[in-house]
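**Q** could you look at this predicted model? Sequence included:
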Amino acid sequence: MNKHHESTGRAGEQQITLRGPAELADALPYLMGFYPNDSVVMVALHGGRGRFGGRLRLGIPQAPGEWEPVADQLAECLVSGSERREGRPDAIVIFLCQDSPDGTGGRLAMERLRPFAQRLRTACGALDVPVLEALCISDGRYWSYCCPDTRCCPDQGNPLAMPGTTVMAAAAAYAGVHVRGTLRDMEARLQPWRTPAAVTAQEEALDRAGPALIPRLLDERARGEVAAETLRLARTLMDRIEETQPAPPALSDAGDDQLIGSDEAAAVILGLQDRETRDKAAAWMEGAEAQAALRLWRTLARRCVGPYGEHAAAPLTLAGWVSWSTGDEPGARVALALALRADPGYTFAQLLHRACNEGLDPEALRRCLREAADEGTSPDARAVEAVMDPAADRGATSLRVRRVRPLPDGGRRRGRAYRRPGAERVKASPGSPRPWTSAAGRRSRDARRYGSRGSRARR
């Protein structure tokens, strides 16, 4: 076993010393706020005693061919982000968390992921930052990729400690830190509906709303009217949600789904594809209205079904922003990661995700949004990006944002198009739309490519 110490706090704060892989494995859900499923987690360590610093999480790529470039990118991201925030890390701890399909093959999962762990260690070493420990957690056991001593790290692994029985669990309970369940549970609250009847009804509502809203979103003069209508309807839905009694998450989500009609959800979802409308909605971030807004954004994210999956980037980003603004960093990270999964090029989600992971204070953005709300204007995009990307002012490498020009008719769309159940795949002629893509869906995607003055709406 590798003998090393990790401190969980800064100087002047309560500190907990973790000794060895067993206590590191037990500390992971408290560091993240949830039990990560199918995830690689990397944590930076600072100082001689190994104080925990920045951390990042990513789903484990399924294809081994992706492991090398992903490892390089993760190492670069963690090291550069730590340099901007707390200075260059002195070491890194890696966790690979993946259960076997049947719950009985933890060792097989560990061996399958061993090349990925080695590639992560090599990528960190190439940046002159050593990996102090690399653990695999699977099926209730843990293995160390760094310890060759089978006396303390046997081939069959070691069992994880019983929940609530360790020093980390006791300290977390004393500090009021709670583990929110598994990552899979948290994501389920934000993912699209799967019940066929509900999916069909919501998709039809979105198809109906598109022909009426999309031409107005593309019209400079009418866009302001659409924004006002969208915000009024969103406020009405928030008031309706706020009147209901608090309930456990599963019951609350089901109740919120019943409170909002398919046509109402469709109108707000499409309206939020306009950047300025979304930014004004982001001002609902504090006090009682923040919780009502968060429930609304979650509900709308669940309504982005079928070919409208990319539309979820807007409500998911708003959900992540409200969560971060109200102090729920684990919830913010999950929502923002899903937003980037829906649309990897969504700039606002990129900026928020990085700022949240680097531990920036959300008050700077709250202040920017308050000032815009007081003036009755939309937040200035450059001001928002400056707030969320302060490294640019210090000469550091800033986030590279891909600028996309409007596509001509028949332009190639990123990703795979949605095919309706039972639709026959037919080879389309050049310049023609795919045969299973609805006209409303095409118009909706066109509108979301544009913002005011020719900028992209989905920034």
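**A** On my side now, so go ahead.
**Q** quick one: low-confidence parts of the stretch 1-150 of the chain?
**A** 1-19, 103 (pLDDT under 70).
**Q** which residues touch M238?
**A** 284, 289, 292-293, 296 (Cβ atoms under 8 Å, 6 or more residues apart in numbering). (C-beta placed from N, C-alpha, C; glycine too.)
**Q** can you tell me which of these are in helices?
**A** 289, 292-293, 296 (DSSP state H).
**Q** can you show me the strands along this protein?
**A** For the chain, the strands defined by DSSP state E occupy 5-7, 17-19, 39-46, 51-59, 91-97, 131-138, 141-144, 158-159.
**Q** possible to save those as CSV with distance to T277?
**A** CSV is the format used below for these (distance: least, Cβ to Cβ, whole Å):
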stretch, distance to T277
strand 5-7, 45
strand 17-19, 46
strand 39-46, 33
strand 51-59, 30
strand 91-97, 38
strand 131-138, 42
strand 141-144, 47
strand 158-159, 52
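**Q** what's the most distant pair in the contacts of M238?
**A** E289 and L296 (10.0 Å; Cβ to Cβ).
**Q** which of those two has more neighbours?
**A** More crowded of E289 and L296, by other Cβ atoms under 10 Å: L296, with 28 against 16.
**Q** so that one touches I241, yeah?
**A** Yes. With contact defined as Cβ atoms under 8 Å, L296 counts as touching I241 (6.0 Å).
**Q** overlap in contacts of the two?
**A** D256.
**Q** buried sites along stretch 197-206?
**A** Residues of stretch 197-206 classed as buried by neighbour count (16 or more other Cβ atoms under 10 Å): 198-199, 201-206.
**Q** in helices, which of the residues you listed appear?
**A** 198-199, 201-206.
**Q** circling back: which one of the strands of the chain lies nearest to E363?
**A** strand 51-59 (19.4 Å).
**Q** show me how far the closest one is from its chain's centre.
**A** Distance of strand 51-59 from the chain centroid (Cα atoms, centre = their mean, to the nearest Å) equals 14 Å.
**Q** could you do stretch 334-353 as well?
**A** 6 Å.
**Q** before we move on, what about stretch 241-248?
**A** 25 Å.
**Q** what does that stretch contact?
**A** Under Cβ under 8 Å, 6+ apart, the answer for stretch 241-248 is 252, 255-256, 259, 288-289, 291-292, 295-296, 299.
**Q** among these, name the buried ones.
**A** Using 16+ other Cβ under 10 Å, the buried ones in the contacts of stretch 241-248 are 252, 256, 289, 291-292, 295-296, 299.
**Q** lowest pLDDT pick from those?
**A** Lowest in pLDDT among the buried ones among the contacts of stretch 241-248 is S252, which has 83.
**Q** which of the contacts of stretch 241-248 lies closest to P89?
**A** Q291 (35.7 Å).
**Q** stretch 112-129: how far from the chain's middle?
**A** With Cα atoms, centre = their mean, you get 24 Å for stretch 112-129.
**Q** what are the contacting residues of that stretch?
**A** By Cβ under 8 Å, 6+ apart, stretch 112-129 touches 40, 42, 60, 64, 67-68, 71-72, 74-76, 79, 88-92, 94, 96, 98, 130-131, 134, 136, 145-146.
**Q** apply 6 Å and report the result again.
**A** 67-68, 71-72, 75, 79, 89, 92, 94, 96, 131, 134, 136, 145 (Cβ atoms under 6 Å, 6 or more residues apart in numbering).
**Q** buried residues, that stretch. List them.
**A** 112-113, 116-117, 119-121, 123-124, 127, 129.
**Q** save those as TSV, and put in distance to R151 too.
**A** Shown next, in TSV, are the buried residues of stretch 112-129 (distance: Cβ to Cβ, whole Å):
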residue	distance to R151
R112	25
L113	23
F116	26
A117	21
R119	27
L120	26
R121	23
A123	30
C124	27
L127	32
V129	29
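**Q** now, which of those residues lie within helices?
**A** 112-113, 116-117, 119-121, 123-124.
**Q** which other residues reach stretch 300-316?
**A** Here stretch 300-316 has contacts from 190, 192-193, 199, 202-203, 206, 265, 269, 272, 278, 297, 335, 338-339, 342-343, 346, 418, 441, using Cβ under 6 Å, 6+ apart.
**Q** ok, the nearest residue to L316 once chain neighbours are set aside - contacts?
**A** Nearest in space to L316, with sequence neighbours left out and distances taken as Cβ to Cβ, 6 or more residues apart in numbering, is A339 at 3.7 Å. A339 sits next to 313, 316-317, 346, 349 when contact means Cβ under 6 Å, 6+ apart.
**Q** 7 Å - rerun?
**A** Applying Cβ atoms under 7 Å, 6 or more residues apart in numbering to A339 gives the contacts 313, 316-317, 320, 346, 349.
**Q** out of those residues, who's nearest R235?
**A** R235 has its nearest neighbour among the contacts of A339 in T317, at 18.9 Å by Cβ to Cβ.
**Q** wait, the closest one touches T347, no?
**A** No. Here T317 lies out of contact with T347, judged by Cβ atoms under 7 Å, at a distance of 9.6 Å.
**Q** those two: who's more crowded?
**A** Taking other Cβ under 10 Å, T317 and T347 do not tie; T317 has more neighbours (31 against 21).
**Q** on that earlier part again, quick check, nearest of the ones in helices among the contacts of M238 to R51?
**A** A293 (35.2 Å).
**Q** and the closest one, how far from A266?
**A** According to Cβ to Cβ, to the nearest Å, A293 stands 19 Å off from A266.
**Q** same question, G47
**A** 52 Å.
**Q** ok, those two, which is more surrounded?
**A** Taking other Cβ under 10 Å, G47 and A266 do not tie; A266 has more neighbours (27 against 15).
**Q** for G320, see how far away the more buried one is.
**A** Relative to G320, and taking Cβ to Cβ, A266 is found at 22 Å.
**Q** could you check how many residues crowd around the closest residue to Y142 other than its chain neighbours?
**A** Spatial nearest neighbour of Y142, chain neighbours left out: A25 (4.3 Å); criterion: Cβ to Cβ, 6+ apart. Using other Cβ under 10 Å, A25 is surrounded by 25 other residues.
**Q** check contacts around A25.
**A** With Cβ under 7 Å, 6+ apart, A25 has these contacts: 135, 137, 142, 160.
**Q** cutoff 10 Å now
**A** 18, 95, 97, 133, 135-137, 141-144, 158-161, 166 (Cβ atoms under 10 Å, 6 or more residues apart in numbering).
**Q** ok, F95 touching M42?
**A** Yes. Counting by Cβ atoms under 10 Å, M42 is a contact partner of F95 at 7.7 Å.
**Q** common neighbours of the two, please.
**A** Common neighbours of F95 and M42 (Cβ under 10 Å, 6+ apart) are 55, 57, 134.
**Q** returning to that earlier point: wait, which of the strands of the chain is closest to R367?
**A** That would be strand 51-59 among the strands of the chain, by Cβ to Cβ, at 23.9 Å.
**Q** which elements pack onto that closest one?
**A** strand 5-7, helix 20-32, strand 39-46, helix 67-85, strand 91-97, helix 329-342, helix 347-357 (3 or more Cβ pairs under 10 Å, 6 or more residues apart in numbering; DSSP states H and E).
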